[in-house]
Structures are given as C-alpha cells and as structure tokens.
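[1] everything below, folded, please.
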Amino acid sequence: MQLGNKIIQILDAGRFRLDGGAMFGVVPRVLWEKKKQPDEQNRIAMATNLLLIQQENRIILVDTGIGTKSNEKFKKIYAIDDTFNVVAALKKAGISPGAVTDVILTHLHFDHAGGATCFNESGDIVPTFPNARYYVQKAQYEWALNPSEKDRASFLAENYVPLQERAQLELLDGEGEILPGISVITVTGHTPGQQMVKVQAGEQTLLFAADLIPLEAHLSIPWIMAYDLFPMETLKEKKHILHQAVAENWLLIFEHDPDIQAGFVVQTEKGFALKEKIQL
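    Here you go, the predicted structure:
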C-alpha cells in the first residue's frame, strides 16, 4: 500500500492463542464465540500483525511479535508457533534485521516486544535490530520495570532491558510526531503508556490500534479485555478514537486479528462496525 511517500506492509510475525473469556471480559461466551471459535482449552487464535513502513532512507517497524526466545512450557501455554517470527517475516519482505532503522513498540507485553531481542551465537540476549532506535513511552517502561500483581506475567525484562543497556531505547513522554508523518497517540486503559501509531499523508490516515482494538470484534464499545487494567478508561478511549476514525475515514489495523488485518469503520444505530475489510 502506498501512503504518500511511504510504502506500508503488514507482516505476519507468528500465531498464538489466548483465553477467549479473557479477551472479551464480561461478554458471555455465547456471544463472542460467534466471532471467534475457541479450542478445547477455551483459547482463540491470535495473530501478530506488525506494521512495516518504508520511506526514503528509513525502514520502520511497529511492534515485534513474540520472537523466538520462549521456552517449551511457555509455548505450550500460549500455543505459540514461532516458525513465523519477525525476522522471518522481514526476510520474506527482503529486509535484514540490520537494515531496520526504527522500531516503535506500542507497549512491552511479551506478544508485542518479545521479538525486540534475541539470542546471539553466544547465547546472550541482544537487540534483534542492532542499528535501530527503539521507541517506547517512559510511563510504559517504568511500569514494565515494576508491574502490578495483575499484569506482571505479561512483562519479561529480557525483552526490553537489553535495549536500554545497549543505549538503543528512546523513552518518549507523551503524544506527538516522532518521525516525518508518523506520530503516536497514548492510551492508558490497557496498560499505562500504551501508544498507538498514526501514519498520515495528505488526507489519508492509518492507525495501528494495538491493544485498544486488538480484534475487529473489539470495535463494539463494551467488548473490553479482562487484561485491561483500567477498563473504564478503555471504554472512553475507544469512543474517542472511533468517533475520530469514522469522521476522518481512518484505516484501522487490527494487530491480533488472524482474519481481518485492517478496515474502515462506520457508526450505526447499534454502534461501531466494520464498513470495509482491507487486506494489505
């Protein structure tokens, strides 16, 4: 997809599964299973759809998926298939890890930041992209260093501390443009300091919605994950963003949806819904 001077692609960086009840919170299974069929362990299929932006002399990656550092127990719990991973996806696109100039991490949960680091030949954990600048919100990094009891299982220090130790991590403090035509919007309902990525060219706008709207099903305002630390904030944030997306015809990227990568949104009498499905 061409967006002004930017070439936009979606990379498939692996599949995994999460509990369906956790993904839809208070929504009864009899409703959510019409959208996503669970397996025998009540888990639904999840994608890691990453955003790749190429413009002039920059190669920009948004999120990194789970990566390849998981042990067998971890893989079994989440049904992780890491034969797909960020490095393999980039290779398929003709890009080496060393060519990536910028990595924007929406937040530091393992399914978003796991691929930010990897094992080197000596077995040490190092940044996957040795020449890249990594961007994350300061509030998120500080939270990840000292998470709550509710969400500490989602944060693995080996995914982000090595970035700071190698001086490749830039801590952002709030919203704004970080690269030409690329800005971040902060939202706090899911986790403090989560940032969505907005790409603009003329009247065209693309929004990488991260875990504010991880699946197309989450376009429904009350469909909020049990993983969210502050669900009432999520509700308010979804309303605000979706009203804007409809009014300005934004293209939304659904990071975790294995069936619908992206789409335009419409507001109906029943709420927000997908107007047009887009495959990038």
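
[2] quick check, central residue of this structure?
    Centroid-nearest residue in the chain, with Cα atoms, centre = their mean: residue 210, separated by 3.8 Å.

[3] residue 113 is in contact with that residue, correct?
    No. The pair residue 210 / residue 113 is not scored as a contact, 11.6 Å apart, by Cβ atoms under 8 Å. (C-beta placed from N, C-alpha, C; glycine too.)

[4] overlap in contacts, the two.
    63, 107 (Cβ atoms under 8 Å, 6 or more residues apart in numbering).

[5] so what's residue 264 scoring on pLDDT?
    Note for residue 264: predicted pLDDT of 97.

[6] what's the one helix or strand it maps to in contact with?
    Per DSSP states H and E: residue 264 is located in strand 262-268. Here strand 262-268 makes contact (Cβ under 8 Å, 6+ apart) with 10, 206, 216, 219, 242-243, 245-246, 249-254, 272-280.

[7] could you dump it to CSV, C-alpha only?
    In CSV, the C-alpha atoms belonging to strand 262-268 read as follows (Å, rounded to 0.1, in the frame of the first residue of the first chain):
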residue,chain,number,x,y,z
ALA,A,262,-7.5,-3.8,8.6
GLY,A,263,-10.6,-1.9,7.7
PHE,A,264,-12.6,1.2,7.6
VAL,A,265,-15.2,1.8,10.3
VAL,A,266,-18.8,3.1,10.3
GLN,A,267,-21.1,4.2,13.1
THR,A,268,-24.6,2.6,13.0
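
[8] buried ones in it?
    262, 263, 265 (16 or more other Cβ atoms under 10 Å).

[9] would you mark the buried spots in the helix or strand following that strand?
    Downstream of strand 262-268, the next assigned helix or strand under DSSP H and E is strand 271-278. By 16+ other Cβ under 10 Å, the buried positions in strand 271-278 come out as 272, 274, 278.

[10] and strand 271-278, average pLDDT?
    Mean predicted lDDT for strand 271-278 stands at 93.

[11] and that strand with strand 262-268, angle?
    150 degrees (axes from the mean of the first three to the mean of the last three Cα atoms, to 10 degrees).

[12] tell me what strand 271-278 is packed against?
    Packed against strand 271-278 by the contact rule (3 or more Cβ pairs under 8 Å, 6 or more residues apart in numbering; DSSP states H and E) you find strand 262-268.

[13] quick one: contacts of the lengthiest helix in the chain?
    If you go by DSSP state H, the chain has its longest helix at helix 231-247. The set of residues external to helix 231-247 that reach it, using Cβ under 8 Å, 6+ apart, is 25, 185, 187-190, 196, 207, 209, 212-213, 218-219, 221-222, 224-225, 228, 250, 252, 265-267, 272.
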